[in-house]
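Trainee: got a predicted structure here, sequence first:
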Amino acid sequence: MGPERVAIVTGASSGMGEALTEALVEKGWKVAMADIRPNAELTSKLGESASFHTCDVSDYDSQARCFQEVWDKYGRLDALCANAGIVDKSSIYILDHRDSDKIPPKPNLLCTDVDYKGVVYGTQLAIHFMRKNKVPGGSIVATASIAAIHPHETYPEYDGAKAAVAFHIAYHMTPVDTIVSAYNRCLEDDSLSGEAIECSVDKLLLVPRPEYQNGRVSQRAVTVWDPLFKMYHHELSQLPDAIA
């Protein structure tokens, strides 16, 4: 039996990252949980199969320290699951400034820093450390969003950031088990390198071109819900298909 494979999972302390961490451990992986905040309960539950590493993916130096810690602990790196992500932290529509002569405030681009830059940083670091493996190589899988292909008007910055990293397509209305299955498939099947997978309810669908892979179910995932739109942008969207 070969040595246990080692994966770094970003955003591992909650949501999809937590589920992915547990699923990989069940499959025999050692998992380095990279997140800003620890999940002591999960780390304790997984015991020696997982370790926690404080990591702000938007900061290259923070990620570099995390990767080095993982290498020093395990001596190998077989997979990066670049899962950490957030949505827009400000509104580039600046509707509040429509009738103002003042220059609008600088936008908060933390979403881009986490969702796009964080993946670029992690990819570079993963390549570096995977080259050091006794047998060089490994897998890099990123969590994107269906909004990468079908933009969600509520989150314009998020749309662009996720479009830049659309290797694995997932969206928040999909069951976590489906997303974990997509990760497992990407990690086990080298032929999927560079491919996009749309996770829609219980289906894993390869995305050949930008069209809705599961009809209204996929479409609903990027349909604007006007109360949320108003919370972010302070006015209703006035889109004809918005959900009231």
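Mentor: Thanks, I have it. Numbering: from 1, shown residues only.
Trainee: partners of the helix or strand hosting L80, with directions?
Mentor: Under the criterion of DSSP states H and E, L80 resides in strand 79-82. Each strand paired with strand 79-82, and its direction, by DSSP bridges: strand 6-10 (parallel), strand 139-142 (parallel).
Trainee: so can I have JSON lines of those strands showing mean pLDDT, distance to D78 and mean neighbour count?
Mentor: The way it works is simple: take the backbone N, C-alpha and C, and place the C-beta from them, glycine included. Shown next, in JSON lines, are the strands paired with strand 79-82 (pLDDT from 0 to 100; distance: least, C-beta to C-beta, whole Å; neighbours: other C-beta atoms under 10 Å):
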{"stretch": "strand 6-10", "mean pLDDT": "98", "distance to D78": "5", "mean neighbour count": "28"}
{"stretch": "strand 139-142", "mean pLDDT": "91", "distance to D78": "7", "mean neighbour count": "22"}
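Trainee: between these, which gets nearest to Q124?
Mentor: Closest to Q124 of the strands paired with strand 79-82, according to C-beta to C-beta: strand 139-142, at 10.2 Å.
Trainee: touching the closest one from outside, list them.
Mentor: 78-83, 119, 122-123, 126-127, 165, 167-168, 183, 186-187, 190 (C-beta atoms under 8 Å, 6 or more residues apart in numbering).
Trainee: hmm, try it at 6 Å
Mentor: 79-82, 119, 123, 126, 165, 167-168, 183, 186-187 (C-beta atoms under 6 Å, 6 or more residues apart in numbering).
Trainee: before we move on, back to that, which elements pack onto the next helix-or-strand element following the strand holding L80?
Mentor: Counting by DSSP H and E, the next helix or strand C-terminal to strand 79-82 is helix 110-112. For helix 110-112, the elements it packs on are helix 156-163, judged by 3 or more C-beta pairs under 6 Å, 6 or more residues apart in numbering; DSSP states H and E.
Trainee: circling back: can you add distance to W29 and give the strands paired with strand 79-82 back as JSON lines?
Mentor: Output for these, formatted as JSON lines (distance: least, C-beta to C-beta, whole Å):
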{"stretch": "strand 6-10", "distance to W29": "5"}
{"stretch": "strand 139-142", "distance to W29": "11"}
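Trainee: closest one to Y93 among the ones you listed?
Mentor: strand 139-142 (26.9 Å).
Trainee: look up phi and psi at K45.
Mentor: With angles defined as degrees, to the nearest 10, K45 sits at phi -60, psi -40.
Trainee: so where is the chain shaky, pLDDT-wise?
Mentor: 1-2, 167-173, 194, 209-211 (pLDDT under 70).
Trainee: and if we set it to 80?
Mentor: 1-3, 149, 166-175, 193-196, 207-212 (pLDDT under 80).
Trainee: residue ranges for the strands of it, please.
Mentor: For the chain, strands defined by DSSP state E occupy the ranges 6-10, 30-35, 50-54, 79-82, 139-142, 197-200, 203-206.
Trainee: check these for me and report the most buried one.
Mentor: Mean neighbour count (mean count of other C-beta atoms under 10 Å) peaks for strand 6-10 among the strands of the chain, with a mean of 28.
Trainee: residues making contact with that one?
Mentor: Against strand 6-10 from outside (C-beta under 6 Å, 6+ apart): 17, 20-21, 24, 29-32, 34, 57, 70, 74, 76-84.
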